[in-house]
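[1] this one's sequence-less:
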């Protein structure tokens, strides 16, 4: 087994922060080359913001930090397959590469459901790498939902 | 011709504010019953935020104002057919009804492209009303892009 890339370890740490706050455990990191531009934990409940998925918060923080609404030379690491909202934001931000952990057959929009980046009208298709840290990301989600039942 | 609903008039006014600021002219309003909860103009450039579409800003402002990440009893008025990101956010926010103006064959995700609310994995489908104020909304967009050529 290959060691996990460091950004995905940090995204998993952010997912743990989300879980501890009672939010669905998902974390995200935006990198530019070797530099960490933004780290975020899923927080829709705490922020009273339905758009506050980890990817959205990381993309917004990265764009603010770089002073640009395009993140063309940036990569996104996220512990769960992005939903339609987040995949749309990834395309709008022109993110170069997306690495994700666990698949999301119900809510995912990359390899499931609308498969947004494969749609003919999709104006930007990042390089896609799924299953990076999948076991750890999926365990966090499973434990979180098991504890709520 | 029927008179336009007042919220769509206000969304068109917000779109004009966006145009005056050099942003693609799109405006959005969130209503709860007869109350205006949020009004927003498209602002990704000014805010250095690729997610700052009018719908997203209006949904976020409405959720903050109501202190809830669900807007189940709210309606959204927007001058342009929502994109995938915004349609995803509308579903996550559980918006009850969406009224939009101009169709967007290139970027729209409601009646074009992925048609997100018709996807089997879509977990919330609002009532949908297109073409409300279409002529005025489309004229704003046409004039904006014509002036930039």
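    Sure thing, it's come through. The structure displayed is predicted, hence computed values, not measured ones.
[2] Closest to the centroid, which residue in chain A?
    By C-alpha atoms, centre = their mean, chain A has its centre lying nearest to residue A:78, at 3.0 Å.
[3] so how far is the helix or strand where it lies from its chain's centroid?
    Residue A:78 is part of strand A:75-80, with elements assigned from DSSP states H and E. Relative to its parent chain, strand A:75-80 has a centroid offset of 4 Å by C-alpha atoms, centre = their mean, to the nearest Å.
[4] buried residues in stretch A:64-73?
    A:66, A:68, A:69, A:70, A:71 (16 or more other C-beta atoms under 10 Å in any protein chain shown). Where C-beta positions appear, they are placed from N, C-alpha and C, glycine not excepted.
[5] Would you mind giving those as a markdown table with secondary structure, distance to chain B and pLDDT added?
    Output for those, formatted as a markdown table (DSSP: H, G, I helix; E, B strand; the rest coil; distance: C-beta to the nearest C-beta, whole Å; pLDDT from 0 to 100):
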| residue | secondary structure | distance to chain B | pLDDT |
| --- | --- | --- | --- |
| A:66 | helix | 8 | 97 |
| A:68 | coil | 6 | 96 |
| A:69 | coil | 4 | 96 |
| A:70 | coil | 7 | 97 |
| A:71 | coil | 7 | 98 |
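[6] of all those residues, which comes closest to residue B:140?
    Nearest to residue B:140 out of the buried residues of stretch A:64-73 is residue A:69 (C-beta to C-beta; 20.7 Å).
[7] Pretty sure that closest one sits against residue B:43.
    No - under the criterion of C-beta atoms under 8 Å, residue A:69 is not in contact with residue B:43, lying 9.4 Å apart.
[8] now the strands for chain A?
    Assigned by DSSP state E, chain A shows strands spanning A:27-32, A:35-41, A:75-80, A:97-102, A:127-129.
[9] okay, those, which one's buried deepest?
    Among the strands of chain A, strand A:75-80 has the highest mean neighbour count (mean count of other C-beta atoms under 10 Å in any protein chain shown), at a mean of 30.
[10] strands paired with that strand, and their directions?
    Here strand A:75-80 has these sheet partners by DSSP bridges: strand A:27-32 (antiparallel), strand A:97-102 (parallel).
[11] how deep is residue A:62 tucked in, by neighbour count?
    Applying other C-beta atoms under 10 Å in any protein chain shown, we find 27 residues neighbouring residue A:62.
[12] check contacts around it.
    By C-beta atoms under 8 Å, 6 or more residues apart in numbering or on different chains, residue A:62 lies in contact with A:30, A:32, A:37, A:38, A:71, A:74.
[13] Now do the helices in chain A.
    A:6-20, A:44-47, A:54-66, A:84-93, A:134-148 (DSSP state H).
[14] Point out the most buried one among those.
    By mean count of other C-beta under 10 Å, those have helix A:84-93 as the most buried, with a mean of 29.
[15] For residue A:115, which non-adjacent residue is closest in space?
    Among residues not flanking residue A:115 along the chain, residue A:109 sits closest, at 7.0 Å (C-beta to C-beta, 6 or more residues apart in numbering or on different chains).
[16] how far away is that neighbour from residue B:132?
    From residue A:109 across to residue B:132, the span is 27 Å (C-beta to C-beta, to the nearest Å).
[17] one step back: tell me the mean pLDDT over the strand holding residue A:78?
    Per-residue pLDDT over strand A:75-80 has a mean of 98.
[18] what's it in contact with?
    With C-beta under 8 Å, 6+ apart, strand A:75-80 has contacts from A:5, A:7-8, A:10-12, A:14-15, A:25-32, A:54-55, A:58-59, A:86, A:90, A:95-102, A:104, A:108, A:126, A:132-133, A:136-137, A:140-141.
[19] got the angle between that strand and helix A:84-93?
    Calculated by axes from the mean of the first three to the mean of the last three C-alpha atoms, to 10 degrees, strand A:75-80 forms an angle of 180 degrees with helix A:84-93.
[20] List the contacts of residue A:121.
    Contacts were defined as C-beta under 8 Å, 6+ apart; by that measure residue A:121 touches B:105, B:106, B:107, B:109, B:112, B:113, B:114.
[21] Return the residues in contact with the first one.
    Meaning residue B:105. Residue B:105 neighbours (C-beta under 8 Å, 6+ apart): A:121, B:112.
[22] what's the answer for the fourth one, then?
    With C-beta under 8 Å, 6+ apart as the criterion, the residues that contact residue B:109 are A:84, A:88, A:121, B:81, B:82, B:83, B:84, B:86, B:87, B:115, B:116.
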